[in-house]
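1. fold the following for me, if possible:
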Amino acid sequence: MAGLWFHPDNLAAKVVSTAIADSANEGMYYGGKIALQMLLYIDSSNATENVPLFSSLSNTSTPPDRFYFEVSVDSGKLRARIFDRTTQKMDAYFSEPIPFDQMIEIKIIHGNPYPYIHAWVNGTQLTVESGSGSTGNSIVFGYFQATVGGTRESIPQAKGVLFSYIKIINDNVFPSDTYASYYVTEWVIDFEDEADPFKVKTKRNNILGELNGSVAFQPEKITWTSGSTPPADTGGGGGSGGGIVVPGNGNTTQVLGSITENDLPVARRVFAITEAELTIDGSQETTQAVLANAISSEIDGTYTLDTSPYEGTVFVIAADDYGSVWQPSTAYVVGDVIRPPNFQGYVYLCTLAGTTSSTEPMWWLDTDSSQSIGTAQFKAKPFSRPLAHGPILPTIIPSQ
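-> As a prediction, this is how the structure comes out:
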């Protein structure tokens, strides 16, 4: 057994397959069905995180950018979503928490019967805790592209996850290895070939084929391993494995602080980045490293960044939510953030779920109350440009 280990400090690395047309032997034939099987290990440091596991994109052109299917673990529970561009068509949470710190098997199918989305962990079917949508959602339509450990967003991607096996089928069942149909395509990624770990093995109508995959962004944050558990060295503490070599003495280091806006606590994504350039193992190159990221508390604005084992100075960067561009006739939920196509320095936070109108609204700058855009309501807020603080010397907690 082999796999790909996404380092705990990964921010942007993900594995992306070739985009292939449905007319090719390796291509997924169009429809609204998918069966996904994954054998993977998720570190318990992700217990309160939103961790992308798998996503796919499909459309009639390449690169595909319309029909989007995403599977993640959100605060310890499995979640599956389907989008048509930015319009969310399905969102399903499953009740039972997933096990951490062990190899587990996850299976998900979308399609009939009701409630259209089903999931199993280690052979036990999960309960759909909440969900919306229907079986009529397109997932495959023309070109199809799969992403392991990431989403279409640039950050953040999977971290602290070991992927050992993935199977994708454009059907709502898991057929046997002898299954043959012109309409059904099977993709398998087993990571067994160290020289080509991203190879995708395909089968359609019993015709075998292959596709290529590659790492997008921060390739040093993904390590191939021959085992079924994370490698002993995960890129920190001065180890090897093709990642950034982070020096340290085995101590715990932390940066603590708080984020406020207009003297009020706010929730912001916060990053700790080394001031010094660090070496990349097996390379002559050097680069700064993102040691940790967290979201500050919306209650008191506090955050804790675990920068272990690094003992040098860091910069702390806080980033506001830039949101997505407003879309007409689109469903939004409370907490979604949008911005006008012609950005004017303000973003708009959804305070009442609903569907936007078909025409662009007259954007307002009054931040005191919510206003309606269709049946949804939004509140304006000034967009805060990213702020940096430092250099800061982390607090060092000596190891016992």
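
2. residue ranges of each domain in this structure, please.
-> What automatic domain parsing lists as the domains of the chain is 3-225, 252-320+386-397, 324-382.

3. the helix or strand encompassing residue 271: partners in the sheet, and parallel or antiparallel?
-> Using DSSP states H and E, residue 271 maps to strand 269-274. Note on strand 269-274: by DSSP bridges, its sheet partners are strand 290-295 (antiparallel), strand 314-319 (antiparallel).

4. elements contacting the next helix or strand after it?
-> In the C-terminal direction, the helix or strand that comes right after strand 269-274 (DSSP H and E) is strand 278-279. Counting contacts by 3 or more C-beta pairs under 8 Å, 6 or more residues apart in numbering; DSSP states H and E, strand 278-279 is packed against strand 286-287. For every residue, glycine as well, the C-beta is placed using N, CA and C.

5. mind listing the strands the strand it packs on pairs with, and their directions?
-> Sheet pairing for strand 286-287, assigned by DSSP bridges, gives strand 278-279 (antiparallel).

6. which residues touch residue 139?
-> Applying C-beta atoms under 8 Å, 6 or more residues apart in numbering, one finds that residue 139 lies in contact with 31-34, 56, 58, 67, 69, 82, 110, 170.

7. that older thread, just name the most buried of the domains of the chain.
-> With neighbours defined by mean count of other C-beta atoms under 10 Å, none of these is more surrounded on average than domain 3-225, at a mean of 19.

8. for residue 21, grab phi and psi.
-> The phi and psi torsions at residue 21 (degrees, to the nearest 10) take the values phi -80, psi 150.

9. please renumber the chain so that the first residue is 28 from this point on.
-> Shifting the count to begin at 28 puts that one at residue 48.

10. that one contacts residue 56, correct?
-> No. Taking C-beta atoms under 8 Å as the contact criterion, residue 48 and residue 56 are not neighbours in contact, 10.5 Å apart.

11. in strands only, show me the contacts of residue 166.
-> Residues from the contacts of residue 166 lying in strands, with DSSP state E as the criterion: 61, 83, 85, 94, 96, 109, 137.

12. and which of those is nearest to residue 34?
-> Minimum distance to residue 34 across these is 23.7 Å, recorded for residue 83 (C-beta to C-beta).

13. mind listing what that closest one touches?
-> The contact partners of residue 83, by C-beta under 8 Å, 6+ apart, come to 61, 95-96, 166-167, 171-174, 195.

14. pLDDT wise, what is residue 274 at?
-> pLDDT, the model's per-residue confidence, is 88 for residue 274.

15. could you do residue 319 as well?
-> At residue 319, the model reports a pLDDT of 84.

16. that one - nearest residue in space that isn't next to it in sequence?
-> With C-beta to C-beta, 6 or more residues apart in numbering as the criterion, residue 319 has its nearest non-adjacent residue at 4.3 Å, and that residue is residue 332.

17. reformat the contacts of residue 83 as CSV; add pLDDT.
-> Putting those into CSV (pLDDT from 0 to 100) gives the following:
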residue, pLDDT
61, 91
95, 93
96, 94
166, 89
167, 90
171, 95
172, 94
173, 95
174, 94
195, 95
